[in-house]
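Peer 1: A structural model of the following input is requested.
(2 chains)
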Number of protein chains: 2
Amino acid sequence: MNIKENWIQFIHGLQDDICAAIENEDGQAKFREDAWQRLEGGGGRTRIICNGNVFEKGGVNTSIVFGDVTEAMTSQLKINGHKWFACGLSLVLHPVNPFVPTIHCNYRMFELYNEAGETVDRWFGGGTDLTPYYLDVADVTHFHKTYKDACDKFDVGFYPHFKKECDNYFVNWHRNQERRGIGGIFYDYQRPAGERDASFWMNFAKTCGYAFIDAYLPVVSKHKADEFSESHKFWQEIRRGRYVEFNLVHDRGTIFGLKTNGRTESILMSLPPTVRFEYDYQPEPGSPEDELLQACLHPRDWLSINN
Amino acid sequence: MNIKENWIQFIHGLQDDICAAIENEDGQAKFREDAWQRLEGGGGRTRIICNGNVFEKGGVNTSIVFGDVTEAMTSQLKINGHKWFACGLSLVLHPVNPFVPTIHCNYRMFELYNEAGETVDRWFGGGTDLTPYYLDVADVTHFHKTYKDACDKFDVGFYPHFKKECDNYFVNWHRNQERRGIGGIFYDYQRPAGERDASFWMNFAKTCGYAFIDAYLPVVSKHKADEFSESHKFWQEIRRGRYVEFNLVHDRGTIFGLKTNGRTESILMSLPPTVRFEYDYQPEPGSPEDELLQACLHPRDWLSINN
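Peer 2: Okay, the predicted model is just below:
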């Protein structure tokens, strides 16, 4: 089995396994699948969950897309080649309970071919980031520790590097560099080279992809029955507004997808179910809401002993 | 009094008059003013109304801003000059009642100066557009007729031209060219020339600016006490989602403001107070919700006798 087939099998297996784990955690809602095809080549399996016990809205989507390298791709994405192929998984979950964080992850592989059909370039990207509404340091530490352990199996330099990349990517630049959440890991344009061949990066994606279950579900389990009031929900909806702002104003994948005739409903499954935009809303200094906001404004080293 | 001073006086007068008319229509809420200053030059008066009898959220903002022409302005906006000046009013109102439409308008003047401080270029822009949640053809006709009458005083070619510009601007390109609402008028880069001197364009802006009161408030008055259910509110929030998508993904003014260190809170006052994003939501064919959607997908000539 070649790399491409191997990757596709991994992505579909990960989708099945994650969906099963989420349905199990929710205890009520089931995913609905929309299989779609793309005129220019390929298609996807969009799986949506909504109005669950735990998850108010979410999606675990895979896609396998390919086509000719267009002029727009060459000029905007600096992609040189004759044909391209991409396959990945993208996941976003928006829980009902404001004490359960929102989560996002994405793992993808991209290939480029010359006119003879030979692979001339290949790269891997991915990551995961957590967006809590209230700060529970134990949860955040557990989340980061799980990904550090996953990274450390491959290179002890990965976690600090990819953690920083994550802090630098999910940023609402128009809001004083407020981050979308408390980070995670993010990597892109990782090209196989030397001992770090395609298998290495595929195994890295597998390890990180499955780490989602250990990193996130215990946090869900811990908080899904927490009592909450209207004011907690209000704050959750304010923060969801920032999620919308990041995704629509800054996220490269979302904007590129929307502007290049991607499947809109699959792309925008990432938007939260109910959202609130208030003029100049400021949480009270020192409040639990403000504590979360400060963590988004000032990324920390969550695994430092001083934290 | 020169053109610039005249324009500033008009904009501030329009702000006062429109705010008074809105407060009168609401009957409860009052505008709160935030005066702000811009480090690079100028500032503004942001006036926000919220949680009123009629208006759930809205803003009537003015700004007077100026500065040096930067490289980004030259490359991205094709602006050539030494210093620039801009002054305008921007208004968005999001009503509580789903049978009352949302409205937006904007009137602005831009000037460019050479190193000697002489005005080397000047242009006017503006317009207004209506975003109903349910289609009331009589309302929409009244709205368009009011602006046609305003335009006709200046040039009978204006209304058809600027109506088309509006239909072509407020478009969610990623949603099958669905419009944000049922249109209105939109004009930009109108440079004084011949008989159409600066006074002409200033008077045009005044006439259109004040037409807001006649075009919109009777519609508000007619529907503000309409009974509505949760399902009407649900649909309003779905449509508000499209408003968010347009403003954050496509609106040139919003994106430019956010990416060039504009005052975020003043720019994003345009976002609706509560919003809902549902995966692949489709109104039932033939329903009142679908009727509105069809009007957004297929712009009409509302003043044609066949409509």
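Peer 1: beta-bridge partners for the residue at minimal distance from the centre of chain A, please?
Peer 2: Taking C-alpha atoms, centre = their mean, the centroid of chain A lies closest to A:C105, which sits 2.4 Å from it. On the basis of DSSP bridges, A:C105 is bridged to A:L91, A:T128.
Peer 1: show me the contacts for it.
Peer 2: Applying C-beta atoms under 8 Å, 6 or more residues apart in numbering or on different chains, we find A:C105 in contact with A:L89, A:S90, A:L91, A:G126, A:G127, A:T128, A:D129, A:C208, A:G209, A:F212. All C-beta atoms are positioned from the backbone trio N, CA, C, and that covers glycine.
Peer 1: please apply the same query to A:K145.
Peer 2: Contact analysis of A:K145 by C-beta under 8 Å, 6+ apart lists A:L303.
Peer 1: which SS class is it?
Peer 2: With DSSP: H, G, I helix; E, B strand; the rest coil as the basis, A:K145 sits in helix.
Peer 1: measure it to B:E227 for me?
Peer 2: For A:K145, the distance to B:E227 (C-beta to C-beta, to the nearest Å) stands at 54 Å.
Peer 1: same question for A:Y210.
Peer 2: Taken as C-beta to C-beta, the span from A:Y210 to B:E227 is 53 Å.
Peer 1: between the two, which one's more packed in?
Peer 2: Taking neighbours as other C-beta atoms under 10 Å in any protein chain shown, A:Y210 and B:E227 compare with A:Y210 leading, 17 against 7.
Peer 1: that one contacts A:D16, doesn't it?
Peer 2: No. Taking contacts as C-beta atoms under 8 Å, A:Y210 lies outside contact range of A:D16: 12.0 Å.
Peer 1: let's have the contacts of A:C105 in JSON lines, adding distance to B:Y187.
Peer 2: Shown next, in JSON lines, are these (distance: C-beta to C-beta, whole Å):
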{"residue": "A:L89", "distance to B:Y187": "46"}
{"residue": "A:S90", "distance to B:Y187": "41"}
{"residue": "A:L91", "distance to B:Y187": "45"}
{"residue": "A:G126", "distance to B:Y187": "47"}
{"residue": "A:G127", "distance to B:Y187": "45"}
{"residue": "A:T128", "distance to B:Y187": "47"}
{"residue": "A:D129", "distance to B:Y187": "43"}
{"residue": "A:C208", "distance to B:Y187": "52"}
{"residue": "A:G209", "distance to B:Y187": "52"}
{"residue": "A:F212", "distance to B:Y187": "51"}
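Peer 1: and the stretch 151-300 of chain A, which residues reach chain B?
Peer 2: Residues of the stretch 151-300 of chain A lying close to chain B by C-beta under 8 Å from any C-beta of the partner chain are A:173-175, A:237, A:241, A:244-245, A:248-249, A:255, A:258-259, A:264-265, A:268-269, A:271-280.
Peer 1: just for the stretch 51-200 of chain A, where's the confidence low?
Peer 2: Low-confidence segments of the stretch 51-200 of chain A, defined by pLDDT under 70: none present.
Peer 1: tally of neighbours for the closest residue to chain B within it?
Peer 2: Residue of the stretch 51-200 of chain A nearest chain B, by C-beta to the nearest C-beta: A:H174 (4.0 Å). Neighbour count for A:H174, taken as other C-beta under 10 Å: 23.
Peer 1: do a quick rundown of the strands in the stretch 1-150 of chain A.
Peer 2: Along the stretch 1-150 of chain A, the stretches classed as strands by DSSP state E, counting those that start in this stretch are A:32-37, A:42-50, A:55-68, A:83-95, A:102-113, A:119-131.
Peer 1: in its sheet, which strands sit next to the first one, and in what direction?
Peer 2: Its sheet considered, strand A:32-37 pairs with strand A:42-50 (antiparallel) by DSSP bridges.
Peer 1: how far away from the center of its chain is the partner strand?
Peer 2: Averaged C-alpha coordinates place strand A:42-50 at 15 Å from its chain's average position (C-alpha atoms, centre = their mean, to the nearest Å).
Peer 1: of all the strands of the stretch 1-150 of chain A, which one is nearest B:P299?
Peer 2: In terms of C-beta to C-beta, the element of the strands of the stretch 1-150 of chain A nearest to B:P299 is strand A:32-37, at 28.0 Å.
Peer 1: with just CA atoms, put that closest one into PDB.
Peer 2: Only the C-alpha atoms of strand A:32-37 are listed here, as PDB (Å, rounded to 0.1, in the frame of the first residue of the first chain):
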ATOM      1  CA  ARG A  32     -25.500  12.500  10.500                       C
ATOM      2  CA  GLU A  33     -23.300  11.900   7.500                       C
ATOM      3  CA  ASP A  34     -23.500  13.900   4.300                       C
ATOM      4  CA  ALA A  35     -21.300  12.500   1.600                       C
ATOM      5  CA  TRP A  36     -20.600  15.100  -1.100                       C
ATOM      6  CA  GLN A  37     -18.700  15.200  -4.400                       C
END
